[in-house]
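In: Sequence isn't available, so here's the structure alone:
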């Protein structure tokens with residue numbers, strides 16, 4: 001069971017999950033726990049010889065009932081590939097899985113925020129290469145969604161709607177557009193090739209999205225990932241996070257705020273060069289960027305077009 005301790009100096013919760021120290025670390029393909037279990041072969045986390053998308057509770061959870069949840073979502077039974085190489089139909093199905101997990105975990109009284117995310121690449125600390133993501137059900141409201149809710153208050157309405165309108169009007173940082181979705185390198189990007197994928201219509205969560213919007217979101221995410229890979233002609237490491245409305249208040253009531261968007265934090269600032277979080281970033285909480293968002297957006301926009 002994880003232990004929560006409140007950092008009084010920063011005003012933030014810290015989670016101690018010491019059992020995760022023993023989690024599986026970069027196994028060989030032959031011993032991948034996310035591959036199917038084949039007859040006569042080693043048993044994996046998925047006891048079937050083939051599957052489309054699999055969801056199961058994390059064996060090394062940061063959170064678990066009755067204080068939150070941690071799940072693994074395996075995108076495909078193929079050990080190779082990525083979110084960008086899934087078939088459009090599989091990527092679309094993944095959006096529905098995300099939607100379902102948000103709704104089911106968010107209905108629990110011990111979950112206040114549902115975070116769907118993917119860590120890709122050893123550069124961001126991934127421990128399993130098989131294409132997969134994770135879902136955390138936090139028993140408290142983490143700092144980042146708190147910041148977003150405060151941004152809504154500060155701007156007098158949905159902050160994402162306002163920011164999206166500004167990016168669409170400016171145009172220089174846009175990297176992808178469709179009728180339902182837009183993607184851009186934000187005006188104050190912290191990471192060189194950070195990108196935000198935002199639904200044009202205000203939707204608090206994936207539960208409010210219709211089938212067309214989910215399909216468009218999947219297409220945008222795949223286009224961006226393929227563009228990332230084309231940028232430096234290498235599998236591009238990133239952290240991908242789905243931001244949605246908090247699920248419950250402290251009193252167990254439905255919480256307000258939120259606008260569905262997906263943020264990508266890629267650590268590469270150039271081919272073969274990583275952005276490290278060093279003194280200013282960790283000690284002062286202030287990013288010092290090595291690139292200008294407008295130039296990064298132009299390069300990423302071109303890479304997405306080439307990868308299409």
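Out: Sure thing, it's come through. Quantities reported herein were computed from a predicted structural model and do not represent experimental measurements. Numbers count the residues shown, from 1 in each chain.

In: which ones are touching residue 14?
Out: 4-7 (Cβ atoms under 8 Å, 6 or more residues apart in numbering). (Glycine included, C-beta is placed from N, CA and C.)

In: now do residue 125
Out: Residue 125 neighbours (Cβ under 8 Å, 6+ apart): residue 119.

In: what's the answer for residue 36, then?
Out: Counted by Cβ under 8 Å, 6+ apart, residue 36 has contacts 44, 46, 48-51, 77.

In: Can you tell me which of the residues you listed are buried?
Out: 44, 46, 77 (16 or more other Cβ atoms under 10 Å).

In: Now render these as a markdown table, adding distance to residue 93 and secondary structure.
Out: Below are these laid out as a markdown table (distance: Cβ to Cβ, whole Å; DSSP: H, G, I helix; E, B strand; the rest coil):
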| residue | distance to residue 93 | secondary structure |
| --- | --- | --- |
| 44 | 21 | coil |
| 46 | 16 | strand |
| 77 | 13 | coil |
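
In: what's the closest of those to residue 127?
Out: residue 44 (15.1 Å; Cβ to Cβ).

In: List phi and psi for the closest one.
Out: phi -120, psi -170 (degrees, to the nearest 10).

In: Have a look at the protein and report its longest helix.
Out: helix 211-231 (DSSP state H).

In: Adding pLDDT as columns, could you present the contacts of residue 36 in TSV?
Out: Listed next are the contacts of residue 36 as TSV, based on pLDDT from 0 to 100:
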residue	pLDDT
44	97
46	97
48	96
49	96
50	97
51	97
77	97
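
In: Report pLDDT for the residue nearest in space to the middle of the chain.
Out: Residue closest to the average C-alpha location in the chain (Cα atoms, centre = their mean): residue 241, at 1.9 Å. Here, the pLDDT recorded for residue 241 equals 98.

In: hey, where'd the strands end up in the chain?
Out: For the chain, applying DSSP state E gives strands covering 3-7, 12-16, 54-57, 69-74, 113-120, 132-138, 174-177, 181-184, 195-199, 238-243, 261-265, 268-270, 273-274.

In: Quick one: closest of these to residue 300.
Out: strand 174-177 (4.8 Å).

In: what's the distance between the closest one and the middle of its chain?
Out: 19 Å (Cα atoms, centre = their mean, to the nearest Å).

In: quick one: contacts of that strand?
Out: Defining contact as Cβ under 8 Å, 6+ apart, one finds that strand 174-177 is touched by 167-168, 182-185, 195, 197, 220, 223-224, 227, 297, 300-301, 304.

In: For these, which two are the farthest from each other?
Out: The most widely separated members of the contacts of strand 174-177 are 168 and 227, with 19.1 Å between them, by Cβ to Cβ.

In: The two: which has the busier surroundings?
Out: Between residue 168 and residue 227, residue 227 has the larger neighbour count (other Cβ atoms under 10 Å), namely 26 against 14.

In: Would you check that the more buried one makes contact with residue 297?
Out: No: the criterion here is Cβ atoms under 8 Å, and residue 227 misses it with residue 297 at 11.1 Å.

In: about what we covered before: measure the residue nearest to the centre of the chain to residue 142 for me?
Out: Computed with Cβ to Cβ, to the nearest Å, the distance linking residue 241 and residue 142 is 11 Å.

In: list the residues that contact both of those two?
Out: With Cβ under 8 Å, 6+ apart as the test, residue 241 and residue 142 both reach residue 115.
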